[in-house]
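In: Give me coordinates for this.
(4 chains)
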2 protein chains.
Amino acid sequence: MNDTPDDLRIDQPPATLRAMTVERLRGAIISGRFRGGERLVERTLCDQLGVSRSVVREAIRFLEAEGLVETQARSGPVVAKLDWARAHQIYEIRRLLEAEAASACARVADARIKEDLRQALADLEVAFEEATPIRVYEATTRFYETIFLSAGQDISWEVVQRLNSRISRLRALTLATKDRHTSGPAHMASICQAICENDPAAAALAVREHLTEASEIARRLLEAEE
Amino acid sequence: MNDTPDDLRIDQPPATLRAMTVERLRGAIISGRFRGGERLVERTLCDQLGVSRSVVREAIRFLEAEGLVETQARSGPVVAKLDWARAHQIYEIRRLLEAEAASACARVADARIKEDLRQALADLEVAFEEATPIRVYEATTRFYETIFLSAGQDISWEVVQRLNSRISRLRALTLATKDRHTSGPAHMASICQAICENDPAAAALAVREHLTEASEIARRLLEAEE
DNA sequence: AGTTGTATGTTGGTATACCATCAGTCCATA
DNA sequence: TATGGACTGATGGTATACCAACATACAACT
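Out: Sure thing, here's the model as predicted:
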């Protein structure tokens, strides 16, 4: 049985090689497969990815603009390093933007949005029980995406996502941290609750608390690491 | 006379073609030479810029990640369009980030920083009298750069600059607007004053007022335009 | 006249070729 | 032995070649 949607549009994303390459590389970097400071040798990547240098290079330019890769002329691209000074700044920016978004979301949230949030939260908790990091990541992303987009702040969401990719390794670590097992989802639950009660101030507060703690955990991890 | 600095290091920025191309293209877009929605035909750009397609394409990838260019597969790069919904979001984000930076700057500002700010402000006022938009732009940029960097918020500054390039056409228009002639520098003067008095709250407030007005002017311009 | 098939040109996507630079190595010479 | 220079390999920067997809125009057929 071929399922036939209402409209017959064919809009298969042709998924250019470049787009796929960007995804793969970004994934490799944020998953920690490539360490900070590690060189990204173009021809080697070509072999590993099975694409030509043009594709690899354009993908690298994209990641460079995202801040994930730094390239100094005549020396080539290098995975951007992350120190606490930068990570701290990123957490502070997220604090501002996410608090604002949550507050705006709480102002406009209707039944549909609340349902989406609860669903994402439920998925998150399941993923936590199962200890499947990818699911946790996806559910978390969906939770925040709902908040930002329903608040009509898609540009802010774009900025946050970009920043997140730069601290993704830290996020992965914080998610794996045990004491976050209880407090992380707990904080997100209280964010969800505040939004469901259409209480902007409480929502903003919950976000700030959440990020304060996440930031603190990240700092400890980062300093312990070196 | 060859001036010989203390250290003999030769670190002439080799200025890759790509970097120069990015600059040129970005400049052409933010100056309005390429309108929103306009197609960027690669081979044409090659002729105009005198570089090969590889260079042009990599530059476009960079601008794409910056949000200045959007490219849909099989249709090619297009200059991103700017509607009020997006512009408004950008102004709101700037409000948050700049208020935070100004407040932090006011907390730490020493004599040196205050001097830099006053100098930038003085340059700005001269440029206003002379009605030289480029100087105005430069002085304004330097003013805010001082604020952000002295507050140790270089990532935030990076984000703001990127956002600014997306609304640069609007900024140019608002700068040219007459009633901003009095209020624009006036607001910036009060920001400067608040920082010089090391008054974080006043600094944040001044920034918010400034941006509220700039945003309002931008809205009128954008809606009048269509 | 309307519709459909086809030829063609434009454009972006991809791959490859070439060159300059840099670092390391090894040999020749003082 | 130490120094300098030439050679070589690796790498990034740049240019070009080829192909597929799409748009347009025109011709042919009903």
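In: tell me which strands and helices the helix or strand bottoming out on mean pLDDT in chain A is in contact with?
Out: Using mean pLDDT, DSSP states H and E, helix A:168-176 stands out as the lowest-scoring helix or strand of chain A, at a mean of 76. Counting contacts by 3 or more CB pairs under 8 Å, 6 or more residues apart in numbering or on different chains; DSSP states H and E, helix A:168-176 is packed against helix A:17-30, helix A:133-150, helix A:178-196, helix A:200-225. Backbone N, C-alpha and C define where each C-beta goes, glycine included.
In: change it to 10 Å
Out: Packed against helix A:168-176, as judged by 3 or more CB pairs under 10 Å, 6 or more residues apart in numbering or on different chains; DSSP states H and E, are the following elements: helix A:17-30, helix A:84-108, helix A:133-150, helix A:154-166, helix A:178-196, helix A:200-225.
In: Mind putting those helices into TSV with mean pLDDT and distance to B:C105?
Out: Below are those laid out as TSV (pLDDT from 0 to 100; distance: least, CB to CB, whole Å):
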stretch	mean pLDDT	distance to B:C105
helix A:17-30	86	32
helix A:84-108	96	14
helix A:133-150	91	28
helix A:154-166	94	21
helix A:178-196	81	30
helix A:200-225	91	21
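In: any idea how chain A splits into domains?
Out: Domain ranges of chain A: A:17-79, A:84-225, per automatic domain parsing.
In: how about the ones you listed, which one is nearest DNA strand C?
Out: Closest of these to DNA strand C is domain A:17-79, at 3.0 Å (criterion: CB to the nearest atom of the strand).
In: measure that closest one end to end?
Out: With CA to CA, to the nearest Å applied, domain A:17-79 spans 21 Å between its terminal residues.
In: Identify the residue nearest the closest residue to chain B within chain A in space, chain neighbours excluded?
Out: The minimum distance from chain A to chain B, using CB to the nearest CB, falls at A:A65 (3.3 Å). Excluding its sequence neighbours, the residue lying closest to A:A65 (CB to CB, 6 or more residues apart in numbering or on different chains) is B:A65, at 3.3 Å.
In: List the residues that contact the one you found.
Out: The contact partners of B:A65, by CB atoms under 10 Å, 6 or more residues apart in numbering or on different chains, come to A:V22, A:R61, A:F62, A:L63, A:E64, A:A65, A:E66, A:G67, A:L68, A:R162, B:R162.
In: Okay, and it sits in which element?
Out: helix B:53-66 (DSSP states H and E).
In: how about the helix or strand just after that helix, does it reach chain A?
Out: Next along the chain after helix B:53-66, taking DSSP H and E as the criterion, comes strand B:69-72. Yes - judged by CB under 10 Å from any CB of the partner chain, strand B:69-72 and chain A are in contact via B:T71, B:Q72.
In: How far off centre is the least confident helix or strand of chain A?
Out: Distance, stretch centre to chain centre, for helix A:168-176: 10 Å (CA atoms, centre = their mean, to the nearest Å).
In: Pull out the buried positions in stretch A:152-160.
Out: Using 16 or more other CB atoms under 10 Å in any protein chain shown as the test for burial, stretch A:152-160 gives A:G152, A:Q153, A:I155, A:S156, A:W157, A:V159, A:V160.
In: Let me have these in a markdown table, extended by distance to DNA strand D.
Out: A markdown table is the format used below for these (distance: CB to the nearest atom of the strand, whole Å):
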| residue | distance to DNA strand D |
| --- | --- |
| A:G152 | 31 |
| A:Q153 | 33 |
| A:I155 | 28 |
| A:S156 | 32 |
| A:W157 | 29 |
| A:V159 | 27 |
| A:V160 | 30 |
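In: what's the closest of the residues you listed to A:W84?
Out: Using CB to CB, A:V160 is the member of these that lies nearest A:W84, at 19.6 Å.
In: Could you pull up the contacting residues of the residue nearest to the closest one when sequence neighbours are not counted?
Out: Once flanking residues are discounted, A:V160 sits nearest to A:L97: 5.5 Å by CB to CB, 6+ apart. For A:L97, the contact set (CB under 10 Å, 6+ apart) comprises A:148, A:153, A:155-157, A:159-160, A:163, A:207, B:92-93, B:96-97, B:159.
In: pretty sure A:E145 contacts A:W157?
Out: Yes - between A:E145 and A:W157 there is a contact under CB atoms under 10 Å: 6.5 Å.
In: Show me what from chain A comes close to DNA strand D.
Out: Neighbours of DNA strand D within chain A, by CB under 7 Å from any atom of the strand: A:14, A:39-44, A:53-54, A:57, A:71, A:73-77.
In: gap between the closest residue to DNA strand D within chain A and A:R33?
Out: Here chain A gets closest to DNA strand D at one residue, A:G76, 2.7 Å apart by CB to the nearest atom of the strand. Distance of A:G76 to A:R33, computed by CB to CB, to the nearest Å: 18 Å.
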